[in-house]
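Colleague: coords below, sequence missing:
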């Protein structure tokens, strides 16, 4: 943040706006350079352009919201935390974890770092939000590539049947796509399901996927708050099967 005029304004910012963020005040003459460096590292020129004008709370908020969308498109729609990945590892207890709709594999990588036997699958690794970090250009991670797979829906169903834990993050709310995720859930007979989003069915899963949860007798038994982008309050919910309904 630019130093001049911003220190006092920090107290006026909504708490969630800078949730899990590191704030660094820089002198005004260094601000354009700082934003240019961020743009070079992230490849997000739009944020630098907005950020150079962010000398008040309103324009800062606009820059941060733009940064969220750019970061989502480049890396991930939800941010892993050590507490969340440890919770998945504990539930799995060494058994296979399947990250369904993994995008480019950010969560798959974090789960593997936490000791999970995790595999990420998606029908199109680059389509869901355009995430292009882990297993595609410009920054591929060769070590992750064997554990992130682009598969047809039928092949994903086969892997679902062999998994002990299913992991979902930000399921698209459109009925057709959410219905496909519901089909994966209905093929699953394992011990736990983890779902990451902001809890609003309009944003994630829609009515279709959440109806599949209910039909399957899946009940939320735990919730872990996650670092959140501005204007979101993400969490990871754990579901366990209580009673399956017809």
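Modeller: Everything's here; your move. Note that the structure is a prediction, hence the values are computed from the model and not measured.

Colleague: can you give me every residue that contacts residue 190?
Modeller: Residues counted as contacts of residue 190 (CB atoms under 8 Å, 6 or more residues apart in numbering) are 95, 163-166. Where you see a C-beta, it was placed from the backbone N, CA and C, and this is true even at glycine.

Colleague: closest to residue 78 out of those residues?
Modeller: Sorting these by distance to residue 78 puts residue 166 at the head of the list, at 15.6 Å, by CB to CB.

Colleague: buried ones only from the contacts of residue 190, please, as a PyMOL command.
Modeller: Remark: buried members of the contacts of residue 190, expressed as a PyMOL selection using 16 or more other CB atoms under 10 Å:
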select buried, resi 163+164+165+166
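
Colleague: the contacts of residue 190 into TSV, with extra columns for secondary structure?
Modeller: What follows is the contacts of residue 190, written out as TSV (DSSP: H, G, I helix; E, B strand; the rest coil):
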residue	secondary structure
95	coil
163	coil
164	coil
165	strand
166	strand
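
Colleague: would you turn the contacts of residue 190 into TSV with distance to residue 106 and pLDDT?
Modeller: Output for the contacts of residue 190, formatted as TSV (distance: CB to CB, whole Å; pLDDT from 0 to 100):
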residue	distance to residue 106	pLDDT
95	22	97
163	19	97
164	21	97
165	18	98
166	17	98
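
Colleague: residue 124: which of the contacts of residue 190 is nearest?
Modeller: Comparing every one of the contacts of residue 190 with residue 124 (CB to CB), the shortest separation belongs to residue 166, at 19.1 Å.

Colleague: how close does the closest one sit to residue 150?
Modeller: For residue 166, the distance to residue 150 equals 18 Å [CB to CB, to the nearest Å].

Colleague: just residue 174 next, same as before
Modeller: The gap separating residue 174 from residue 150 is 20 Å, by CB to CB.

Colleague: same check on residue 222?
Modeller: Here the distance between residue 222 and residue 150 works out to 31 Å (CB to CB).

Colleague: and these two? which has more neighbours close in?
Modeller: Set residue 222 next to residue 150 and count neighbours by other CB atoms under 10 Å: residue 150 wins out with 16 against 13.

Colleague: and the more buried one, what does it touch?
Modeller: In this structure, residue 150 makes contact with 121-125, judged by CB under 8 Å, 6+ apart.
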